[in-house]
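Student: Requesting a structural model of the entry that follows:
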Amino acid sequence: MKNYKVYILILFFTISCGSCQSKDKVESVVFNTIVELDSISQPTQLIEEETPLLTADDIALEKSLLYDKYTLDDVYPYKDTTRCFQWNKIKERLALLENLQQESTRWAILQNYKNRNGEAPLIRTYKRDAYKRIADTLGIERYQSAPLYALNDTTIPVRYGKDGGLVRYLGEEGSFIKIAPVHFGGEWLVPKKYIKQIPDTLNLFKKAIVVDRSNQNIATIEHTDKAKWTIRSMNPATTGRYAPPYAQRTPLGIFVIQEKKQKMVFLKDGSQEKGGFAPYASRFSNGGYIHGVPTNLPQTSLIEYSPSLGTTPRSHMCVRNATSHAKFVYDWAPIYESVVFVIE
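Tutor: Here you go, the predicted model:
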């Protein structure tokens, strides 16, 4: 009989950008373990003794770009300071992704885009946020979310889970599905209609897209071997801004690409009138898409680039890219097989 040990690794995340320390190439940067305040957690699981959990130090990154327009350096100037790709944080997310897949499991995502699966029930303790919407005490809005119930009480949900959130599928319990969310941990019950199970036949999670809200950049990274990942693009991006009652920040967390639209039509704020479209849109959470430069009506032609990319948040929730880079992501990242990490 094989001996097993329980390896427990919990990651916390810093609220500061603070990783722009070196202009060395990514292949030669040496990282130390950092402590952060985001609640993404590594899995607690039984793994054979000879396969312990990976850490950021175990992840090897190399560059072999498939998209090479508008490419940013590891550390680059911005106004009177610098910005960077936070490779240490990114390595931690990639280690998490590999550790999650060391054991056989069934995967699913939370789904309730535009409340298509029904408005989530009201939780016991809630508040009205700046957008005049009901939210839980952690700030997750009821709109476009799934209700999460405690394992011993399915009368009133405890909190909400974001559309597109990656979860472990732990089995059916009556009219509920037992899940373990990757982003914030724990085990919860969710009504079946809010769960989309990812087919077991897929070769899961070999492609990762990392969106950095602090540095306003985006990287696409592909798994090439155990603990080895290849950077495919490094580009400026523009995330969502906090501007009630319409524009919202791009949500932090780990999500799955779940829908694509060659032209994502958007409405004018506070109206049902079409405002234009965003090209090559890949949806990952609620109304959050990775897309190209928006085209505002009456213009109808594509716009390749905007000088506002990589500057300050100005989107409604989405992640705005150069249009050709959005097309690269659209073509490169398969639905239900590509993970989106949004970091600070």
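Student: where does the stretch 1-150 of the chain dip in pLDDT?
Tutor: Flagging of the stretch 1-150 of the chain using pLDDT under 70 yields the residue ranges 1-50.
Student: how about the helices in it?
Tutor: Here the stretch 1-150 of the chain has its helices, by DSSP state H, counting those that start in this stretch, at 87-100.
Student: can you give me the strands in it?
Tutor: 4-7, 45-48, 60-63, 75-78, 81-84, 106-110, 127-128, 134-135, 145-148 (DSSP state E, counting those that start in this stretch).
Student: same for the third one, what does it pack against?
Tutor: Which is strand 60-63. helix 87-100, strand 228-236 (3 or more Cβ pairs under 8 Å, 6 or more residues apart in numbering; DSSP states H and E). (Glycine included, C-beta is placed from N, CA and C.)
Student: do you know which of the ones you listed lies nearest residue 184?
Tutor: Across these, residue 184 has its closest neighbour in helix 87-100 (13.0 Å, Cβ to Cβ).
Student: burial measure for the nearest residue to residue 253 once chain neighbours are set aside, as a count.
Tutor: Take residue 253 and drop its neighbours on the chain: the residue closest to it by Cβ to Cβ, 6 or more residues apart in numbering is residue 183, 4.4 Å away. Number of residues near residue 183 (other Cβ atoms under 10 Å) recorded here: 20.
Student: From one end of stretch 169-184 to the other, what's the distance?
Tutor: End-to-end span of stretch 169-184 (Cα to Cα, to the nearest Å): 15 Å.
Student: the longest strand in this protein is where?
Tutor: In the chain, taking DSSP state E as the definition, the longest strand is strand 274-285.
Student: that older thread, can you tell me the element the residue nearest to residue 253 falls in?
Tutor: Residue 183 is part of no helix or strand, with elements assigned from DSSP states H and E.
Student: if we can go back for a sec, which stretch among the strands of the stretch 1-150 of the chain approaches residue 256 most closely?
Tutor: strand 106-110 (4.9 Å).
Student: Can you give the distance of that closest one from its chain's centre?
Tutor: Distance, stretch centre to chain centre, for strand 106-110: 14 Å (Cα atoms, centre = their mean, to the nearest Å).
Student: what does that strand rub up against?
Tutor: 145-146, 161-170, 177, 179, 181, 190, 194-198, 200, 204, 255-256, 258, 336 (Cβ atoms under 8 Å, 6 or more residues apart in numbering).
Student: Please check those residues and keep the buried ones.
Tutor: The neighbour-count test (16 or more other Cβ atoms under 10 Å) marks 145-146, 161-170, 177, 179, 181, 190, 194-196, 198, 204, 255-256, 258, 336 as buried among those.
Student: of all the helices and strands packed on strand 60-63, which gets the most neighbours per residue?
Tutor: Between the helices and strands packed on strand 60-63, helix 87-100 has the highest mean count of neighbours, a mean of 23, where neighbours are mean count of other Cβ atoms under 10 Å.
Student: what inclination does it have with respect to strand 106-110?
Tutor: 120 degrees (axes from the mean of the first three to the mean of the last three Cα atoms, to 10 degrees).
Student: Between strand 228-236 and helix 87-100, find me the angle.
Tutor: Angle of helix 87-100 versus strand 228-236, following the same axes, to 10 degrees, is 130 degrees.
Student: for helix 87-100, packing partners?
Tutor: Counting contacts by 3+ Cβ pairs under 8 Å, 6+ apart, helix 87-100 packs against strand 60-63, strand 207-212, strand 217-225, strand 338-343.
Student: ok, back up a step: quick one: which of the buried ones among the contacts of strand 106-110 sit in strands?
Tutor: 145-146, 161-162, 166-170, 177, 179, 181, 190, 195-196, 255-256.
Student: In contact with the nearest residue to residue 294 once chain neighbours are set aside, which residues are there?
Tutor: Excluding its sequence neighbours, the residue lying closest to residue 294 (Cβ to Cβ, 6+ apart) is residue 278, at 4.7 Å. Residues counted as contacts of residue 278 (Cβ under 8 Å, 6+ apart) are 263, 264, 266, 289, 291, 292, 293, 294, 295, 318, 320.
Student: what's the spacing between residue 278 and residue 269?
Tutor: 15 Å (Cβ to Cβ, to the nearest Å).
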